[in-house]
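Visitor: Can you look at this prediction? I've put the sequence above it.
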Amino acid sequence: MAYDDNYSLGVGETTPDSVSFDYYSCEESIRLLNEYLDHELSPNERADVAKHLDICQPCLERFRFEQTLLISIKTRMQTIHAPIELKSRLSTLINQG
Amino acid sequence: MIDEDISEKPELQSQPDIENLDAVILSVDTLEPSEQSHPPVDPKVFESEMNPHLDALYRNAMRLTGNSNDAEDLVQDTYLRAYRFFHQYQPGTNAKAWLFRIMNTVFLNDYRKRSRKGDQLSYDELEDFYLYNRLNEESLSTDQSFNTSNPEDVIVSRLGIEEIESAIRTLPVEFGETVALATLEDLSYQEISDVLNIPIGTVRSRLSRGRKILQRSLWQVLGVKEPVEEKAK
């Protein structure tokens, strides 16, 4: 088993039970972490990462945490709205022109 | 399998025409809405396209300027320039990216004060899943200041707006921009590339490094908080 406490895999190592050329390794999946979470991957790449997550619990937990973190950050920050006074001032400015 | 709903991005609309936009929007010294040499703009049409993005613009302005007074000025400046040059905008294209591009240009030109230099980190050595690892270690240690064994629970219960804003502020400017636009405002990498006028590869690398630095900052912010009140058992 390749995992140590710091969860680092060497280049080319794969998770157990995986067919190396059909599945992404942990390292390959992690390299695509942000693009996966931001929906920037092609459908094929996305499916390949998903296949890895299906068979790799440690990656799945970490990816899930990253997703929770990003959603939490966005959800909280999007509660900030422009002040009502600013909005009405802008409306006045362009409607009086 | 991870849920698919991490971020709901609208279908990618055609990109606004932003060639020469920077020079054009900075060419105007006065922003009197009444001074128009172009066909008059129907304020209602303008408002319907642009107003849905006012909250996002304000959040971005707060992040750029750091205070509400300057943020309101920057939003107003951006909004009025957009109104003045509405004829340059193609209706139905990406209004949000268009507005953000204007704000970014105006900010760089008028409002930028010092450029923040972050700590000189060795970016190539940044650890993956930093926050997850620290929270996991915390839960395994005898000193359980977070009082929970689940890293996700800590995030959901302990991460507030103050912590996030404070952590984002510590990022070097170029990383903070990319992280904020991707994470807070759901802009695609291509849209961020257009707004910030940087190559899409640069967007990817700044985002990757920026989010790693952000996790370090979040850990520091979360770590020094007083433990939550003990829940009644």
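Guide: All right, it came through fine.

Visitor: what secondary structure does B:Pro39 sit in?
Guide: coil (DSSP: H, G, I helix; E, B strand; the rest coil).

Visitor: Now it: closest residue in space, sequence neighbours ignored.
Guide: B:His87 (6.7 Å; CB to CB, 6 or more residues apart in numbering or on different chains). Placement of C-beta: from N, CA and C, glycine included.

Visitor: again with B:Phe175
Guide: Here the residue nearest B:Phe175, using CB to CB, 6+ apart, is B:Gly210, at 3.3 Å.

Visitor: still on that earlier bit, tell me how far the residue nearest to B:Pro39 lies from chain A.
Guide: Per CB to the nearest CB, to the nearest Å, B:His87 is found 14 Å from chain A.

Visitor: So which bits of the worst-scoring helix or strand of chain B on mean pLDDT are buried?
Guide: Lowest by mean pLDDT, DSSP states H and E among the helices and strands of chain B is helix B:21-26, with a mean of 72. Residues of helix B:21-26 classed as buried: B:21-22, B:24-25 (neighbour count, 16 or more other CB atoms under 10 Å in any protein chain shown).

Visitor: which outside residues touch it?
Guide: B:81, B:84-85, B:88, B:98, B:101-102, B:105-106, B:109, B:197 (CB atoms under 8 Å, 6 or more residues apart in numbering or on different chains).

Visitor: On the three-state scheme, A:Arg62 is what?
Guide: helix.

Visitor: Give me the pLDDT for it.
Guide: On pLDDT, A:Arg62 comes in at 96.

Visitor: Also B:Phe146?
Guide: 64.

Visitor: What of B:Pro43?
Guide: Reported pLDDT for B:Pro43: 92.

Visitor: Tell me who's in contact with it.
Guide: With CB under 8 Å, 6+ apart, B:Pro43 has these contacts: A:91, A:94-95, A:97, B:83.

Visitor: which among the contacts of helix B:21-26 gets closest to chain A?
Guide: B:Arg84 (9.7 Å; CB to the nearest CB).

Visitor: And stretch B:70-88, how far out from the chain middle?
Guide: 18 Å (CA atoms, centre = their mean, to the nearest Å).

Visitor: what sits up against it?
Guide: Counting by CB under 8 Å, 6+ apart, A:82-83, A:86, A:89-90, A:93-94, B:17, B:21, B:24-25, B:28, B:31, B:33, B:36, B:38-39, B:41, B:43, B:46, B:50, B:54, B:57-58, B:61-62, B:64-65, B:89, B:98-99, B:102-103, B:106-107, B:110-111 sit against stretch B:70-88.

Visitor: Pull out the buried residues from it.
Guide: B:70-86, B:88.

Visitor: now do stretch B:180-200
Guide: B:180-189, B:191-196.

Visitor: Mind checking which of these are in helices?
Guide: B:180-183, B:189, B:191-196 (DSSP state H).

Visitor: For the residues you listed, work out which two are farthest apart.
Guide: Of all pairs drawn from these, the greatest distance, 17.5 Å, lies between B:Thr183 and B:Asp194 (CB to CB).

Visitor: what's whichever strand or helix holds A:Ala50 packed up against?
Guide: Here A:Ala50, judged by DSSP states H and E, is contained in helix A:43-55. The contact analysis (3 or more CB pairs under 8 Å, 6 or more residues apart in numbering or on different chains; DSSP states H and E) places helix A:43-55 against helix A:26-31, helix A:33-37, helix A:57-77.

Visitor: hey, which of these is tucked in deepest?
Guide: Mean neighbours per residue, mean count of other CB atoms under 10 Å in any protein chain shown, is largest over the helices and strands packed on helix A:43-55 for helix A:33-37, with a mean of 21.

Visitor: Residues in contact with that helix: which ones?
Guide: Counting by CB under 8 Å, 6+ apart, residues outside helix A:33-37 touching it are A:29, A:40-41, A:45-46, A:49, A:63, A:66-67, A:70, B:6, B:128, B:189, B:204, B:207-208, B:211.

Visitor: Any stretches of the chain with poor pLDDT?
Guide: In the absence of a named chain, this looks at chain A. A:1-22, A:97 (pLDDT under 70).

Visitor: nope, chain B
Guide: B:1-20, B:27-38, B:111-125, B:142-148, B:224-233.
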